[in-house]
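Chemist: Here's a sequence, model it:
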Amino acid sequence: MTDKQFADAYAIAQLSPGPNVLIVTLIGYAVAGIPGALAAKLAMCLPTALLAYLVSRLLNRPTQSRWPGLIQAALVPLSIGLMAASALILAQSTNRSVTALLITAAVAILATLSRVNPLWLLLAGGLLGFAGIV
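Modeler: Down below sits the predicted model:
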């Protein structure tokens, strides 16, 4: 899968509502068709679902232990780190021109400081890419 195919699959996955697990299916499909899509989806979702189920059963036990709170507090920086790592991987597979960097910075600032729906920003980026500006 090329960098462009990955970036396109990521953009398509961002357009869908709900969790972004769709990208795994799109990558699996691009690599090995329908069997690849099914294998990728199961490999992504099944272990995570089982782990979440087991942890939720552990944390919901009535106890006076401090462990549930410590585990939940430890998961916050872990989640932030995983999101940052994903952003870095995605950034490395995209266009690194000055124009692209300026547009990315402008969109990040606009998304942070305004209440503009991110889908409009994604659509604008897609149109700029389609027009050949980025």
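Chemist: Stretch 56-72: end-to-end distance?
Modeler: 11 Å (CA to CA, to the nearest Å).
Chemist: residues in contact with that stretch?
Modeler: Residues from elsewhere that reach stretch 56-72, judged by CB atoms under 8 Å, 6 or more residues apart in numbering: Val55. Bear in mind the C-beta positions are built from the backbone N, C-alpha and C, glycine included.
Chemist: how about the helices of this protein, start to end?
Modeler: 3-15, 22-59, 67-92, 98-113, 118-130 (DSSP state H).
Chemist: Mean neighbour count and mean pLDDT for those helices - can I get that in TSV?
Modeler: Shown next, in TSV, are the helices of the chain (neighbours: other CB atoms under 10 Å; pLDDT from 0 to 100):
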stretch	mean neighbour count	mean pLDDT
helix 3-15	15	77
helix 22-59	14	88
helix 67-92	10	83
helix 98-113	12	88
helix 118-130	13	86
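Chemist: Quickly note the distance from the nearest residue to Leu110 once chain neighbours are set aside to Ile109.
Modeler: Residue nearest to Leu110 in three dimensions, not counting chain neighbours: Val116, with 6.0 Å by CB to CB, 6 or more residues apart in numbering. As defined by CB to CB, to the nearest Å, Val116 lies at a distance of 11 Å from Ile109.
Chemist: Just the pLDDT for the residue nearest to Leu110.
Modeler: On pLDDT, Val116 comes in at 90.
Chemist: quick one, phi/psi of Ile133?
Modeler: phi -80, psi -40 (degrees, to the nearest 10).
Chemist: and it, how many neighbours?
Modeler: 11 (other CB atoms under 10 Å).
Chemist: any idea how far Leu26 is from the residue nearest to it when sequence neighbours are not counted?
Modeler: Distances taken as CB to CB, 6+ apart place Thr99 nearest to Ile133, at 6.8 Å, with adjacent residues excluded. Plainly put, Thr99 is 26 Å away from Leu26 if you go by CB to CB.
Chemist: Repeat that for Thr104.
Modeler: 22 Å.
Chemist: what do you get for Ile71?
Modeler: 32 Å.
Chemist: what's the answer for Leu113, then?
Modeler: For Leu113 relative to Leu26 (CB to CB), the value is 31 Å.
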